[in-house]
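>>> dropping a prediction and its sequence here:
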Amino acid sequence: QVQLVESGGGSVQAGGSLRLSCAAAGYIDSITCMAWFRQAPGKEREAVASIYSGSSSTYITNSVKGRFTISQDNAKNTVYLQMNSLKSEDTAMYYCAAARFCGNYNDWGQGTQVTVSS
């Protein structure tokens, strides 16, 4: 099993930036992909960004493309989500997830809240 701990959330004004971190522990050699999801009140959870551990290839959802960047530091077993030019619609609980087979996320963190005020 993989344990994931997110950090870096908070409150920021529109146009500001935040960097989320997700530290992985446990059976990390089994991880092939890691991702960030978010869920706003009353909305379904959506995938924001993902990264393939082997090649560092990434996916960014269209609504945040050009503003968010996902990256990883394998030495620290940590994945980051750099969020720039934040908008009020980015307000949500952000979750980190890990997958043994990309797309099939079995391990989840507790989430970190991001609130953007306009």
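Cool, the structure landed.
>>> surely Val12 touches Leu18?
Yes: with contact defined as CB atoms under 8 Å, Val12 reaches Leu18; the gap is 5.7 Å. From N, CA and C alone the C-beta is placed, and that goes for glycine too.
>>> okay, and the common contacts of these two?
Shared contacts of Val12 and Leu18, defined by CB atoms under 8 Å, 6 or more residues apart in numbering, comprise 86, 114.
>>> between the two, which has more neighbouring residues?
Leu18 (20 against 17; other CB atoms under 10 Å).
>>> tally of neighbours for the residue lying closest to that one once chain neighbours are set aside?
Nearest residue to Leu18, sequence neighbours excluded (CB to CB, 6 or more residues apart in numbering): Met83, at 5.0 Å. Neighbour count of Met83, defined by other CB under 10 Å: 26.
>>> helices of the chain, start to end?
Read by DSSP state H, the chain holds no helices at all.
>>> can you tell me the centre-most residue of it?
The residue lying closest to the centre of the chain (CA atoms, centre = their mean) is Trp36, at 2.6 Å.
>>> per-residue confidence for that one?
pLDDT, Trp36: 98.
>>> check Ala49 too.
For Ala49, the predicted pLDDT is 98.
>>> which residues in the protein form strands?
Secondary structure of the chain (DSSP state E): strands located at 2-7, 10-13, 18-26, 33-39, 46-52, 58-60, 68-73, 78-83, 92-101, 104-108, 112-117.
>>> wait, what's in contact with Asn84?
17, 67-69.
>>> just the buried ones from those residues?
68-69 (16 or more other CB atoms under 10 Å).
>>> which among the contacts of Asn84 gets closest to Ser53?
Thr69 (16.5 Å; CB to CB).
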